[in-house]
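Colleague: need coordinates for the below:
(one chain, ligands or ions: 1)
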Amino acid sequence: MGLIKGGINEVIATTAFNAAPIGIHYRDKTASMIIFSGSHTAKNVERDGWVVANLVHDPVLYVRTAFEDLPRDAFVEEPVAGRTMYRLSGAGAWVAFTATVERKTNDAMMVRLTQEKEIIEEVAVYPVNRGFNSIIDATVHATRYRATRDPVLKGWIDYHAGIVRKCGGKKELEALELLMGYISG
Ligand SMILES: Cc1cc2nc3c(=O)[nH]c(=O)nc-3n(C[C@H](O)[C@H](O)[C@H](O)COP(=O)(O)O)c2cc1C
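Modeller: Below you'll find the model as predicted:
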């Protein structure tokens, strides 16, 4: 098994000068993703047929890429399988895929991923931190909350914010402040 593990891998997906957190599903030796319509990622994957999964351990980057665009110098060009792909300059590791849209509805598309290349840029080990994990959870809920203002989602965000305050380090607390700013108002 390579860098992508069984289950859902919450990576930062890069397409042409765009980055967003996306879940890469890996089951029965098959990698895929479900992308909801309307995002830049959906448009780019459909147009270009590739995506790079960036393995990152920076909670601020998860929040930023969920809600805003990164500058061009955040991306590094990589030649892969005869194409030019882009990964994040801050990626600890990355996996490049050819992406084929298998099914499309009004709401989402199912994309099959074929791995072309994987590289480890830097080796680092991180202890499990509930604050980091809760940033990821809170950000998932926050991307939906921003569109729906559903109070149930706000309840989940507040629950995870409590864990971040209790268990997170400096980076998690910075990410939480950023997150709360994106959903306020
Ligand atoms: C941890 C995490 C996982 C996510 N997984 C997905 C996913 O699998 N599919 C999807 O369409 N959106 C997913 N999202 C939401 C997108 O990141 C969000 O809609 C983002 O704004 C899309 O950005 P873009 O328009 O630059 O592509 C996820 C968000 C987070 C925080």
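
Colleague: what's the single longest helix in the chain?
Modeller: helix 130-148 (DSSP state H).

Colleague: downstream of that helix, the next helix or strand is which one?
Modeller: Using DSSP states H and E, the helix or strand that directly follows helix 130-148 along the chain is helix 151-167.

Colleague: that following helix versus helix 130-148: what angle between them?
Modeller: Interaxial angle of helix 151-167 relative to helix 130-148 (axes from the mean of the first three to the mean of the last three C-alpha atoms, to 10 degrees): 160 degrees.

Colleague: now do the buried residues in helix 151-167.
Modeller: 153, 156-157, 160-161, 163-164 (16 or more other C-beta atoms under 10 Å). For the C-beta atoms, the positions are set from N, CA and C on the backbone; glycine is no exception.

Colleague: for the chain, which residues are neighbours of the ligand?
Modeller: Neighbours of the ligand within the chain, by C-beta under 6 Å from any ligand atom: 10, 18, 20-23, 33-36, 39-41, 62, 66, 136, 139-140, 143.

Colleague: let's have the buried residues of helix 151-167 in CSV, adding pLDDT.
Modeller: Shown next, in CSV, are the buried residues of helix 151-167 (pLDDT from 0 to 100):
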residue, pLDDT
153, 98
156, 98
157, 98
160, 98
161, 98
163, 98
164, 98
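
Colleague: from the residues of the chain next to the ligand, which land in helices?
Modeller: Per DSSP H, the residues of the chain next to the ligand map to helices at 40-41, 62, 66, 136, 139-140, 143.

Colleague: mind checking which of the residues of the chain next to the ligand are buried?
Modeller: 10, 18, 20-22, 33, 35, 39, 41, 62, 66, 136, 139-140, 143.

Colleague: just flag the most distant two among those residues.
Modeller: Pairwise distances across those (C-beta to C-beta) peak at 19.4 Å, for the pair 18 and 136.

Colleague: hang on, the earlier thing: of the ones in helices among the residues of the chain next to the ligand, which pair is most distant in space?
Modeller: Greatest spacing in these, by C-beta to C-beta: 40 and 136 (20.1 Å).
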